[in-house]
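K.L.:
Got a predicted model here, sequence first, then my questions.
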Amino acid sequence: MTAAVRRARAAVSGPRSALVLSGILAGMGALHFAVPKPFDALVPKVLPGSPRGWTKASGAAELAVAAAVALPATRRLGGLAAAGLFTAVFPANVQMAYDWRQASRVKRAIALGRLPLQAPLIGWALAVRAGAGASDALAPAAE
């Protein structure tokens, strides 16, 4: 493995990367509660119950996963949970692309652009999981 590959792997699997991923998850989770209407619209219609219930549940899941990823003791499980969460919300992205198929070009581009972005998010979460361990001690000068 080359030094560049080692550095790249460390960049996505290290403690700093985990905290960035955690921050993104926490921010999105909080948005589910602060501004739920756009998320309600993404809930696939085939799911039982109200869209708002699914929005709240997915927001709570994102916040819980964010906490698990942030904490070194639960980071390995949190990374796996984040990968599962990113996989589970993929149908909502498909729903968005379907619903926005007649929308403006910008909206269509956003909706379609989200679909392939799910794979790198899953990969990032799995890299954080793989990097969890003894190196998670956040020594200030270490990174």
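P.N.:
Great, that's in hand.

K.L.:
Tell me, what's the model's pLDDT at Pro140?
P.N.:
pLDDT for Pro140: 40.

K.L.:
Repeat that for Leu47.
P.N.:
Model confidence at Leu47, given as pLDDT, is 88.

K.L.:
tell me the SS of it?
P.N.:
With DSSP: H, G, I helix; E, B strand; the rest coil as the basis, Leu47 sits in coil.

K.L.:
Tell me how many other residues crowd it.
P.N.:
Using other C-beta atoms under 10 Å, Leu47 has 13 other residues around it. Every residue, glycine included, has its C-beta placed from N, CA and C.

K.L.:
The residue nearest to it when sequence neighbours are not counted is in what secondary structure piece?
P.N.:
Nearest residue to Leu47, sequence neighbours excluded (C-beta to C-beta, 6 or more residues apart in numbering): Trp54, at 5.9 Å. For Trp54, the host element (DSSP states H and E) is helix 51-70.

K.L.:
ok, now Pro91?
P.N.:
Taking DSSP H and E as the criterion, Pro91 maps to helix 90-99.

K.L.:
pLDDT below threshold where in this structure?
P.N.:
1, 4-13, 133-143 (pLDDT under 70).

K.L.:
need the helices for it, in chain order.
P.N.:
3-13, 15-34, 37-40, 51-70, 75-88, 90-99, 105-131 (DSSP state H).

K.L.:
Give me the angle between the last one and helix 51-70.
P.N.:
Here helix 105-131 points in a direction 40 degrees away from that of helix 51-70 (axes from the mean of the first three to the mean of the last three C-alpha atoms, to 10 degrees).

K.L.:
Against which helices or strands is helix 105-131 packed?
P.N.:
If you count contacts as 3 or more C-beta pairs under 8 Å, 6 or more residues apart in numbering; DSSP states H and E, helix 105-131 packs onto helix 3-13, helix 15-34, helix 75-88, helix 90-99.

K.L.:
So what angle separates the directions of the helix holding Trp54 and helix 15-34?
P.N.:
Using the same axes, to 10 degrees: helix 51-70 against helix 15-34 is 160 degrees.

K.L.:
Give me the buried stretch members for helix 51-70, please.
P.N.:
In terms of neighbour count (16 or more other C-beta atoms under 10 Å), helix 51-70 has its buried residues at 51, 54-56, 58-59, 61-66, 68-70.
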